[in-house]
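Trainee: Following is a predicted model, sequence given first.
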Amino acid sequence: MPARPLSDEALHLIAAVRDALGERLNAQVEVEERTLFGCHAFMVDGKLCLGVKGEELLVRLPPQQHDATAETPGVRELDPRGGMAGYFWLEPAAYATRAQWEHWIDTALAFNPLAKASPRRAKAATSRSKGTRS
């Protein structure tokens, strides 16, 4: 079954994130786009930095600022059980102004060099196909 097409709002937000990353990062910084957490994720230097799902923006921020950030209007935790400190969904009202937009993008990018990268898991099928038969 093919993936559902993205809404116009999501496509505009994805383009805005691409533009923001292009303005702020030099050519040596690797940016990969892929699906993660059901959203269009932007991986900067192999680490989740930003994402888009519908009209919401996913940001990865310093975990030590989690509690203060969670109190911000229009912001909700990625994991309401508290298992992913520093990951937040932003509703459009939380990034509606240029100042708000720049704050979230710049804060996520400033944290990115300090963020831990998750090790990539090898696909099970790849590891099985490398096995030998007796």
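Mentor: That came through fine.
Trainee: which residue is nearest the centroid of this structure?
Mentor: By CA atoms, centre = their mean, the chain has its centre lying nearest to Leu50, at 2.7 Å.
Trainee: Could you measure from that one over to Pro80?
Mentor: With distances taken as CB to CB, to the nearest Å, Leu50 is found 20 Å from Pro80. Using the backbone N, CA and C atoms, a C-beta is placed for each residue, glycine as well.
Trainee: Using CSV, write out every CA atom in stretch 100-109.
Mentor: Extracted C-alpha coordinates of stretch 100-109, given in CSV (Å, rounded to 0.1, in the frame of the first residue of the first chain):
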residue,chain,number,x,y,z
GLN,A,100,9.5,31.8,17.6
TRP,A,101,10.6,29.9,14.4
GLU,A,102,14.2,31.1,14.7
HIS,A,103,14.3,30.2,18.4
TRP,A,104,13.2,26.6,17.9
ILE,A,105,15.4,26.0,14.8
ASP,A,106,18.5,27.6,16.3
THR,A,107,18.0,25.9,19.7
ALA,A,108,17.7,22.5,18.0
LEU,A,109,20.8,23.1,15.8
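Trainee: Would you indicate which residues of it are buried?
Mentor: Within stretch 100-109, the residues that qualify as buried by neighbour count (16 or more other CB atoms under 10 Å) are 101, 104-105, 107-109.
Trainee: next one: stretch 89-100
Mentor: Residues of stretch 89-100 classed as buried by neighbour count (16+ other CB under 10 Å): 89-90, 94-95.
Trainee: Select from those every entry located in strands.
Mentor: Per DSSP state E, strands hold the following members of these: 89-90.
Trainee: For the longest helix along the chain, buried residues please.
Mentor: With residue count as the measure and DSSP state H as the assignment, the chain has helix 8-24 as its longest helix. Applying a neighbour-count criterion of 16+ other CB under 10 Å, the buried positions in helix 8-24 are 10, 13-14, 17, 20-21.
Trainee: And stretch 63-71, by the same measure?
Mentor: Along stretch 63-71, these residues count as buried under the neighbour rule (16+ other CB under 10 Å): 63, 66, 69.
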